[in-house]
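[1] Sequence first, then the predicted structure, then my questions.
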Amino acid sequence: MRTSIPRLLLVLLLALSLTAQAFAGSQATSGTTVATVITRAQEDVNDASANFFDDDEGIRWADEAVTIIASQARCIEGTENATLRQGQMTYPLATSHYDIETVVYDSGVSTDPQRYTFLNKVDPKELYALSKEKGRPTYWWEWGGSINVWPVPGADQNATTIMVSLVEKPAAITATNDTLPTPYYFDPAIVSYMKSKYLEKDERATTAAYYRGLFYSAIEYYLQTIRKRLMQEPAQ
């Protein structure tokens with residue numbers, strides 16, 4: 001008879017085992033090589049000789065884990081600036097990303113008390129209700145990989161800037177010497193994901209589900225505890 005492992009227990013076990021690690025540079029990029037996590041996973045499932053779990057599979061599984069983490073935990077962050085031009089509404093974004101977190105307008109005038117202002121996200125279908133067509137942007141939306149601002153910049157906004165904070169997509173992992181782009185906190189979770197894939201292949205479904213549960217619990221714990229704390233901390 002199979003015994004299910006309560007989700008809460010998984011979260012508590014994860015919290016107890018990773019607390020010190022989680023709060024010691026939880027946002028620092030791992031830098032751990034894929035070869036390292038492959039070795040850890042192979043040793044944990046007693047397959048260090050790679051008879052049943054080779055590097056190609058490990059690379060693919062590490063890439064899957066990183067992609068899931070990056071998309072769900074939103075932990076790979078970046079910023080891209082765009083210089084505004086008079087009469088131009090649309091600005092292409094070069095960074096591959098899942099989402100835009102915030103857009104900040106910078107007038108570039110040090111004496112401007114509102115030099116930096118957050119733009120509001122808007123549904124473009126609602127623009128008809130916004131009468132002002134030119135001037136300092138106050139709204140943004142994304143379409144087709146470009147960011148759009150409204151009102152359209154006028155002469156006074158020419159050569160000013162918007163700063164776009166993005167949830168980035170990670171580059172594909174294709175080799176054992178690639179490094180993990182996710183925060184160091186997720187290294188054990190990636191190993192758990194790889195072990196779950198190996199165990200599925202070995203038809204050990206119950207144990208595989210346990211390790212897959214640890215993986216997703218790590219993401220949940222990050223979102224509910226670590227990311228919330230980071231968002232609430234004042235900028236240094």
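    Yep, it's here.

[2] Residue ranges of each domain in this protein, please.
    With automatic domain parsing as the criterion, the domains of the chain are listed as 7-74+172-232, 77-168.

[3] what's the span of the last one, first residue to last?
    In this case it means domain 77-168. By Cα to Cα, to the nearest Å, the extent of domain 77-168 from end to end equals 6 Å.

[4] Same check on stretch 115-135?
    End-to-end span of stretch 115-135 (Cα to Cα): 14 Å.

[5] what's near enough to touch Gln72?
    219, 223 (Cβ atoms under 8 Å, 6 or more residues apart in numbering). For glycine as for every other residue, the C-beta is placed from the backbone atoms N, C-alpha and C.

[6] Over the strand or helix carrying it, what's the mean pLDDT, rounded is fine.
    Assessed by DSSP states H and E, Gln72 sits inside helix 55-73. Helix 55-73 shows a mean pLDDT of 96.

[7] contact partners of the helix or strand just after it?
    Following helix 55-73 in sequence order, the next helix or strand is strand 77-83 (DSSP H and E). Strand 77-83 is contacted by residues 91, 93-95, 97, 101, 147, 159-168 when judged by Cβ under 8 Å, 6+ apart.

[8] Give me the pLDDT for Asp44.
    89.

[9] ok, it to Ala155 distance?
    63 Å (Cβ to Cβ, to the nearest Å).

[10] Between those two, point out the one with more neighbours.
    Asp44 (15 against 9; other Cβ atoms under 10 Å).

[11] Can you report phi and psi for the more buried one?
    Per-residue torsions, Asp44: phi -70, psi -30 (degrees, to the nearest 10).

[12] Skipping adjacent residues, who's closest to it in space?
    Spatial nearest neighbour of Asp44, excluding adjacent residues (Cβ to Cβ, 6 or more residues apart in numbering): Lys195 at 5.8 Å.

[13] for that neighbour, helix, strand, or coil?
    Following DSSP: H, G, I helix; E, B strand; the rest coil, Lys195 is assigned to helix.

[14] quick one: it and Ala41 touch, right?
    Yes. If you go by Cβ atoms under 8 Å, Lys195 and Ala41 touch, sitting 5.2 Å apart.

[15] pLDDT below threshold where in this protein?
    1-27, 47-51, 131, 228-236 (pLDDT under 70).

[16] which stretches of it form helices?
    Per DSSP state H, the chain carries helices over the ranges 7-22, 34-44, 55-73, 187-201, 205-221, 227-232.

[17] Just name the most buried of these.
    helix 187-201 (a mean of 22; mean count of other Cβ atoms under 10 Å).

[18] and that helix, what does it pack onto?
    helix 7-22, helix 34-44, helix 55-73, helix 205-221 (3 or more Cβ pairs under 8 Å, 6 or more residues apart in numbering; DSSP states H and E).

[19] Alright, that wraps it up for me.
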